[in-house]
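*Asks:* what shape does this take:
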Amino acid sequence: KLGYLAVAPAVFDRVETGIDLGYDQAGMEKGRELVTKLGLDNALRDIRATANYLLTFGPVGAVGYCWGGSVAWACATRLGIPAVGYYGGRTAQLMHERPQAPALLHFGARDHLIPLSDVAKLRYAHQGVPMHVYEAGHGFNCDDRAGSYDKAAAELALGRSLEFFKAHLV
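*Replies:* Below is the predicted model of the structure:
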């Protein structure tokens, strides 16, 4: 609808096939278990392979949410792929990594999983990386998450993300 080809590699297939998780407690716990079993390096291998294929069609960027937001950061730091990360809770653990491609990060001021002190440390460590903090909680972009979705924050973040991709996917 917005003019982009979007592909979501089934990275969890390395651990378990047919994954479809909900946003309830059981889904969240299962997701954390799968993330631990998979590991970041395996996810990045699949993303690199996907990106290599997609590059035959044109420029490639990455976007991710929650754990995927941290994976998006790693796409910029390790794979050199322009990336947008939404509320990546593990991004602070990758703070020492330097982007090899442009990156944009979105966080919620009321995120119970990501302390604002972590966002401040990221900002200090990466002063050239645009980071936006919205008056919202974790998952503010996901309209499937009752109580977390924040339409105003989601729309503003989307607009900024689209501007980012317009500028960096040339």
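
*Asks:* now the helices for this protein?
*Replies:* Per DSSP state H, the chain carries helices over the ranges 25-38, 40-54, 67-74, 116-125, 151-168.

*Asks:* now the ones you listed as TSV including mean neighbour count and mean pLDDT?
*Replies:* For every residue, glycine as well, the C-beta is placed using N, CA and C. Listed next are the helices of the chain as TSV, based on neighbours: other Cβ atoms under 10 Å; pLDDT from 0 to 100:
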stretch	mean neighbour count	mean pLDDT
helix 25-38	13	96
helix 40-54	16	97
helix 67-74	24	98
helix 116-125	14	97
helix 151-168	15	98
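
*Asks:* how about those, which one is nearest T17?
*Replies:* Taking Cβ to Cβ, helix 25-38 is the member of the helices of the chain nearest to T17, at 11.3 Å.

*Asks:* now do the closest one against helix 40-54, angle only.
*Replies:* Per axes from the mean of the first three to the mean of the last three Cα atoms, to 10 degrees, the angle that helix 25-38 makes with helix 40-54 is 80 degrees.

*Asks:* hmm, who's touching helix 25-38?
*Replies:* V11, F12, R14, V15, E16, I19, L21, W67 (Cβ atoms under 8 Å, 6 or more residues apart in numbering).
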